[in-house]
Each structure stands twice: as C-alpha cells, then as structure tokens.
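Enquirer: Need a 3D model of the sequence below.
(4 chains)
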2 protein chains.
Amino acid sequence: MKVNIYDVAKAANVSIATVSKVINNTGRIGEKTRQKVLDVINELEYKPNLIASALMGKNTCTIGFILPDLANPFFSVLARYVEDVASSFNYNVVICSTDYSTEKEEMYVSLLMQKNVDGFILASGFENFDTIKKIQESNIPIVLVARNAPNGDDLNLVSISDYDAGYNATTYLISQGHQNISIIARDIWSNRERFRGYVDAMKNNGLIPMNEIYYAKESTIQAGYNSLLQIMEESQIKPTAIFACNDLMAAGAIKSCKKLGLQVPNDISIIGFDNTIITEIIEPPLTTVAQPQKTIAVEAVNLLMNAINGDTEGRKIILDTEIIERETVKKIKSIEK
Amino acid sequence: MKVNIYDVAKAANVSIATVSKVINNTGRIGEKTRQKVLDVINELEYKPNLIASALMGKNTCTIGFILPDLANPFFSVLARYVEDVASSFNYNVVICSTDYSTEKEEMYVSLLMQKNVDGFILASGFENFDTIKKIQESNIPIVLVARNAPNGDDLNLVSISDYDAGYNATTYLISQGHQNISIIARDIWSNRERFRGYVDAMKNNGLIPMNEIYYAKESTIQAGYNSLLQIMEESQIKPTAIFACNDLMAAGAIKSCKKLGLQVPNDISIIGFDNTIITEIIEPPLTTVAQPQKTIAVEAVNLLMNAINGDTEGRKIILDTEIIERETVKKIKSIEK
DNA sequence: ATGAAATCTCAAATCATTTTGTCATAGACA
DNA sequence: TGTCTATGACAAAATGATTTGAGATTTCAT
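Expert: Residues are numbered from 1 along each chain as shown, chains lettered A, B, ... in the order given. Purely as a prediction, here's the structure:
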C-alpha cells in the first residue's frame, strides 16, 4: 500500500542506506545515484514515515503547548501565533487546556512525553513543580510562558513582569486621581503578582489597598460580574476604580456596573489586562494593559527551537507591557483625602 | 536512561512478550506473573513508548484538527470542545490554522499523514478536493465540520445547514418588517450557502436581494467594518437591516454604524452568526444565529472515534441552528412597499 | 504413573527508519 | 601490469514496541 524506503531502494537499485542518505543529505553519495534516487522518490511520491524516523531518535517535530484554556481569547491568539512560528520551523503543536488543574497538567505532560514531543511550552499554572521537574529529568526542553520561574532554575522563560504591570496599572489609576481602587484577581501566579504590584503601588502612594481577597474563582466574564457585585456589597467606601486582572473579568465587571446603574467611566473606572479583542468590542472601549503576544510567541518558540538544537542555557526574557488608554478610565479630582 | 520493555522484562524475570501482554491485557497470563510484572512496572515507573507502539501499527492516539483560524473565537471555542472530547478518549489533537489557504491545507495534511495521525477533523475550506481525496486514499478517517460534502461521498460530516440558517435569518429580519436587507458575506463555502439562503428568502417574500457581492475579504472585524461602509456608499436605497455572516463582521458593522452616526437598532438592524462571546460583550447585545458548538464537537469526535475503530459508513449529521434574539434587531413598520 | 489437555511463557519476526563499519570499485601512480 | 588510495554503496545492528506459533509446564483423569 504505502511506499516505504525499501520500495524506493528496490526501484532505484540501491540499498536503503543509500536512500536514507540522500533524504537526509548525510554521508557521501555519488551525484548520479543521488539523482536517480531523487527521481524515484518523486515518481513514487515517497514520504518518509516520521514515526519510524522518530523511533531512531530523530525529532518528532512536534511540541506540546499546555495552557489553561484555549477558549480564552488571550490564549487562543497566543496559540495561533505559536502555531504560526512553529510551523515556520516545520513543527506541529498539540494544544492542551488544563483549566489550571494540576491533575490535567500532569496527565497531559505525561502523555506527550510518551509520544516523544521535542519540547514543551508551558503556559498553565504548574503550581505543582514536580511535573516540570519530571520533564527536565527527561531532558526535554521547556519554555515557560506567562509565568515566572520560582527559583533560580535553568529554565527558559518568556514573560512580562506581572508585578510591574500590576504596579503600573495601579499607579496609572492613581495618577488619574483615583484613591479608592479595588482589584479583581484570581488565585493564580500571574494574578498574585499583579496583586502584589497593586498593593505596593497603593502603599507607596499613601493609600490603603481596598481588598486582600481573590474575588474571582475563574477567569471569566461571569467571575468578573460576580466579583464586582461582591465588592460593591462588601465595601464601606465604594471604589472609584477597578483593576481587573484580565479583559474577560473587566467585561464582566462592566456588565454588572450596567446592572447596578453605574456608568463607566463616569461613576466608576475600569482597567483590564491582556488587550484582547474584547477591548475593541466592548462599550465603552476598554482601557487595558497590553501584553506583547506576538513577541511572546516568537521568542518562546525561538527559545524552544534553540533548546531542541542543543542550547542548554536557560534564558529569561522579560517583556514590557503597555497601558492602552481607551475610554473606561476617567480622570477625576480626588474628593476626599 | 529511560526504562523500556526490556528493562521491565529483565527485572521481572519474564520475556518482553509477557510484559507486552500484561500491558495490553491480551492473551493468557498467570495471575502471579501478571502481578509481578505490574509491580515492576510501577516500581520502575515504566511508560510504554508510544512511538514504537505506533510503528507496530497501533494507533497514535492523535488527531489533526484543521481549521481556518484559531484566533477566531468561533473556532477557538470549537477547538476547546474538540480537545475536551478527544481527551476523554485519551487522544491529543494537533491544531492547524490554514487561513483558508489551499497550500497550507495541503501542507498540514501531508505533514500529519507522515506522522500517522489516526484521523482528521476538517473545518477549513478545502476548495481543492484533492487534499481530501489524498487522505481518503490512505484510509485515514475524516470528519468534515462546518462545511458540506460536495458530492454524495461516503464522508462523515457534522454541520449545520448553512442554507437554511441563511434563509431563516433573512426570514426573521423580514418578519420584523425589514425589506431592504443587505448581506455581508465572504467567498467561502459556508457564507456562499448562507448567501443562497438569503437570496431565496428575499425572493420568496417578493423582495429583491440588495447585493450579490461578497463584500468581505476576510472574516474579521475590520472586514465587517469596511463592508458596511462600502454597502452604505454603494446602495441607492439604504438597507434597514444587515445580515452579517459571522459575529466578528457584525461587530465591525456595528462599529462603522457608530462611526456613521447610525444607531443600532433604531436606524439599522444587524444580525450576526455563530453566537460567540462577542454577542454578550458588544453593545447593544447582538442578535445572532447560534450554532450548537458543543454538540458539533461531541458528534464530530464521536464519529471520528467510530471511524477509527473500523466503522466505515459515512454519516452525515446536520444540526439545527437557533436565532438568539438580543437587541440589535428592531421590529419596524414597513414604510414603503 | 502415564497420557492428554489446558494453560502459560518465550523466541523470533516485524514495523520503517538511521547509522556504522566494512567492502568493492575505479582511478592514479609507479 | 600491479598496488594503493579514495570514493561510494551496502549489510547489519539498533530503536522499542506487538504478535504469532511453538514449546514448556501444569492440571487432571485414567
């Protein structure tokens, strides 16, 4: 049925070793045999079986991309970029959504390791570091994305500084005259860091952080909606500005503002995070903290390819974020000290 | 380094054949040896190399999902569902975005075939049917999604009836009193069908289709934006309603309405397609034609799994769409006949 | 105790490739 | 003409699993 290297060898009157060599451009091959083999390959439309080739220790030309949720616009466009860059290296990417579940992380990693993927891009939480360790022990290259390395490990990493981004977003709100600022965050690494930045920015400006709670249970519109409701209910002093740790939650917050009869940005300002497509669609257009998604993808895949090709040095690339001013944050005069 | 079946066999004092049997639960194995082998497997943390196993003709437990654009919310959530269902069968999915390019389609399919994927879910255009034929010739199962089969082929298929959906959407607008209805579509299969439905619905109601042009060059917000501008510029009689063939384009159309000073739905009504997250976020909330994404994913993967397990019959599953009424379509009294 | 039958285990072949060390051929030179 | 050296091609081993037919062991009845 399917033509294999033996068929080619037979048709070209050479041995399979010779065929293998012309395919891989290795060793010494006479020009005439080389040409003959190539002709036969074309004629028979021979395509090497990559499974067999992988079994011999060659690359599978497949990487695993483990992320929290492909349905989240931030990750889906990131995935698209990753896919494009990987494809330019002739690589495929298998995408796995974990919902931040450590069990799923473990299970997907384990399965992909059995399938001999050449490397991993990890954008999920991986609070259980054992899973990462297991990959490292097998000497499979890793690039961490949108997450920081816990220790001074030799891990590759491409990320923003979530702490700085949180600090800057908060400082920005303060610079617009806001003093009562609340945060909608979730108990995951990136949000914790942004939260830290928020707290420090508040304190450094002589303000007290309004909450210390991770209101959001998920990174969804619904979670943002609920969180804002809860904040408004629980707070003695009502916030004039909300820092939502992603655009989805910001959208939810805006929704519940509407429900509460609060006008954005006149009654309450909101800043999001990620600069997803949502920001352009929502009304009013959402001010947000932009991550350089394309650059993240490019750097991550490049790092991974280098690692796959033997570069063992762990590199950390920290990229800058940028506040994109749209229409959900209003400059106010502070009313009370 | 890595422990293989020989290591297990040696440690358990049995042959590799025995080990293989206990792993796969085939043949007859004595309970005592069986237990001993299992113990050793646990102790050594042995995981079978799926590459080797695939080389022997076993499944790779990987499917290829070829779609137009992972960054498009419709496809990213579809992909997420597909991934989840596939994962419940212990399958991974490698996702490939084609941008409707037949070259990319061909290239991805070819590459994945070399990697022995067990099956394909095809949601891209595949205007060049040769690519699909090539897969069929290799007896690799296929499920077509969001696309119809051209001939009475024995292909598996899960889809909506785009013609009916287009017909119904248009009829709905007409039922709301609209007579001057324009369509924003793109020259791809699904949109052509919806366009056909639009044309027939207009004619059957004694109305004349306002345009016969595929205004949109892409399925993006920008394309929707441009299309509406163009429609308004070119039309003698201005439409009171727009049927946009996806939510993204509908969002773009709404955007340009705002720019033109047109109020939605008071000055102009808009209906979208897909019922993506966009519909909830945009202001006003978008009336749209909903596709049962989750069901599509479930049925598609199930069909594929059946096919992988030997069911050769080509089944066609056509699912119903539903018009979700939100706030972008206004009931009007027809002013002129 | 012996034979047949049932149960279990194993050696060897197979899958499609890569790779290494060996061998054959051709050309160059004496 | 005979020897030496490149050059290029090949045979065989290896990768890590599955599978089959044959052989070994146990069980049971006679």
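Enquirer: quick one, what contacts the closest residue to DNA strand D within the stretch 101-250 of chain A?
Expert: At 8.2 Å from DNA strand D, A:Q114 is the closest residue in the stretch 101-250 of chain A, using CB to the nearest atom of the strand. In short, each C-beta sits where N, CA and C put it, glycine included. Neighbour list for A:Q114: B:K47, B:P48, B:N49, B:L50 [criterion: CB atoms under 8 Å, 6 or more residues apart in numbering or on different chains].
Enquirer: Show me which of the residues you listed are buried.
Expert: For those, a burial check counting by 16 or more other CB atoms under 10 Å in any protein chain shown picks out B:P48, B:N49, B:L50.
Enquirer: how about TSV for these, with pLDDT and distance to A:L122 added?
Expert: Formatted as TSV, the buried ones among the contacts of A:Q114 follow (pLDDT from 0 to 100; distance: CB to CB, whole Å):
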residue	pLDDT	distance to A:L122
B:P48	95	24
B:N49	96	22
B:L50	96	21
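Enquirer: helices or strands up against the helix or strand containing A:V94?
Expert: Here A:V94, judged by DSSP states H and E, is contained in strand A:92-97. The elements that strand A:92-97 packs onto, with contact taken as 3 or more CB pairs under 8 Å, 6 or more residues apart in numbering or on different chains; DSSP states H and E, are strand A:62-67, helix A:73-88, helix A:102-114, helix B:73-88, strand B:92-97, helix B:102-114.
Enquirer: before we move on, back to that, now render the contacts of A:Q114 as a markdown table, adding distance to DNA strand D and secondary structure.
Expert: Formatted as a markdown table, the contacts of A:Q114 follow (distance: CB to the nearest atom of the strand, whole Å; DSSP: H, G, I helix; E, B strand; the rest coil):
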| residue | distance to DNA strand D | secondary structure |
| --- | --- | --- |
| B:K47 | 7 | coil |
| B:P48 | 4 | coil |
| B:N49 | 3 | coil |
| B:L50 | 8 | helix |
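Enquirer: Just send those residues back as a markdown table, with distance to DNA strand C too.
Expert: What follows is these, written out as a markdown table (distance: CB to the nearest atom of the strand, whole Å):
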| residue | distance to DNA strand C |
| --- | --- |
| B:K47 | 18 |
| B:P48 | 13 |
| B:N49 | 11 |
| B:L50 | 13 |
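Enquirer: returning to what we had before: for the residue of the stretch 101-250 of chain A closest to DNA strand D, give its distance to B:N92.
Expert: 10 Å (CB to CB, to the nearest Å).
Enquirer: Likewise for A:G64?
Expert: Applying CB to CB, the value for A:G64 to B:N92 is 8 Å.
Enquirer: One more: A:T62?
Expert: From A:T62 across to B:N92, the span is 9 Å (CB to CB).
Enquirer: shared neighbours of these two, which are they?
Expert: Jointly contacting A:T62 and B:N92 under the rule CB under 8 Å, 6+ apart are A:V94, A:K115.
Enquirer: check contacts around the residue in the stretch 201-337 of chain A that DNA strand D sits nearest to.
Expert: The stretch 201-337 of chain A approaches DNA strand D most closely through A:I308 (18.1 Å), counting by CB to the nearest atom of the strand. By CB under 8 Å, 6+ apart, A:I308 lies in contact with A:N59, A:D118, A:G119, A:P141.
Enquirer: So which of these belong to strands?
Expert: A:G119 (DSSP state E).
Enquirer: of the contacts of A:I308, closest to DNA strand C?
Expert: So of those, ranked by how close each gets to DNA strand C (CB to the nearest atom of the strand), first place is A:N59, at 10.4 Å.
Enquirer: OK, contacts around A:I268?
Expert: Contact analysis of A:I268 by CB under 8 Å, 6+ apart lists A:P239, A:T240, A:A241, A:I242, A:C257, A:L262.
Enquirer: Can you lay out those residues as CSV showing pLDDT, distance to A:T102 and secondary structure?
Expert: Formatted as CSV, the contacts of A:I268 follow (pLDDT from 0 to 100; distance: CB to CB, whole Å; DSSP: H, G, I helix; E, B strand; the rest coil):
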residue, pLDDT, distance to A:T102, secondary structure
A:P239, 95, 33, coil
A:T240, 95, 38, coil
A:A241, 97, 34, strand
A:I242, 97, 30, strand
A:C257, 96, 34, helix
A:L262, 95, 38, coil
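Enquirer: Tell me the one among the residues you listed nearest to chain B.
Expert: Nearest to chain B among the contacts of A:I268 is A:C257, at 12.3 Å by CB to the nearest CB.
Enquirer: If I look at the most centrally placed residue in chain A, what pLDDT would I see?
Expert: In chain A, the C-alpha nearest the mean C-alpha coordinate belongs to A:A123, at 4.6 Å (CA atoms, centre = their mean). pLDDT for A:A123: 97.
Enquirer: surely it meets A:L157?
Expert: No. In this structure, A:A123 is not within contact of A:L157 by CB atoms under 8 Å, at 11.1 Å.
Enquirer: got any ranges where the stretch 151-300 of chain A has weak pLDDT?
Expert: Low-confidence segments of the stretch 151-300 of chain A (pLDDT under 70): A:151-152.
Enquirer: A:A54: helix or strand, and which one exactly?
Expert: A:A54 is part of helix A:50-55 when elements are defined by DSSP H and E.
Enquirer: Output the contacting helices and strands for that helix.
Expert: Counting contacts by 3+ CB pairs under 8 Å, 6+ apart, helix A:50-55 packs against helix B:50-55.
Enquirer: Kindly export the helix it packs on (C-alpha atoms) in PDB.
Expert: In PDB, the C-alpha atoms belonging to helix B:50-55 read as follows (Å, rounded to 0.1, in the frame of the first residue of the first chain):
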ATOM      1  CA  LEU B  50       4.000   5.200  22.100                       C
ATOM      2  CA  ILE B  51       6.300   5.900  19.100                       C
ATOM      3  CA  ALA B  52       7.400   2.300  19.000                       C
ATOM      4  CA  SER B  53       3.900   1.100  19.600                       C
ATOM      5  CA  ALA B  54       2.700   3.300  16.700                       C
ATOM      6  CA  LEU B  55       5.300   1.800  14.400                       C
END
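Enquirer: neighbours around A:Y6, how many?
Expert: 11 (other CB atoms under 10 Å in any protein chain shown).
Enquirer: Is it within a helix or a strand, and which one?
Expert: Per DSSP H and E: A:Y6 is located in helix A:5-12.
Enquirer: could you list every residue that touches the residue lying closest to A:S76 once chain neighbours are set aside?
Expert: Excluding its sequence neighbours, the residue lying closest to A:S76 (CB to CB, 6 or more residues apart in numbering or on different chains) is B:S76, at 3.5 Å. By CB under 8 Å, 6+ apart, the residues touching B:S76 are A:L70, A:A71, A:P73, A:S76, A:A79, B:L70.
Enquirer: Closest to A:E193 out of the residues you listed?
Expert: Nearest to A:E193 among those, counting by CB to CB, is A:P73 at 21.0 Å.
Enquirer: Run through the residues that contact that closest one.
Expert: Contacts of A:P73 by CB under 8 Å, 6+ apart are A:D247, A:L248, A:D274, A:T276, A:I277, A:I278, B:P73, B:S76, B:I277.
Enquirer: next one: A:M210
Expert: Applying CB under 8 Å, 6+ apart to A:M210 gives the contacts A:N180, A:I181, A:S182, A:I183, A:S235, A:I237, A:P239.
Enquirer: which of those tops the neighbour count?
Expert: Top of those by neighbour count (other CB under 10 Å): A:I183, with 30 neighbours.
Enquirer: Now do the strands in the stretch 101-250 of chain A.
Expert: A:119-122, A:142-145, A:156-160, A:181-184, A:241-244 (DSSP state E, counting those that start in this stretch).
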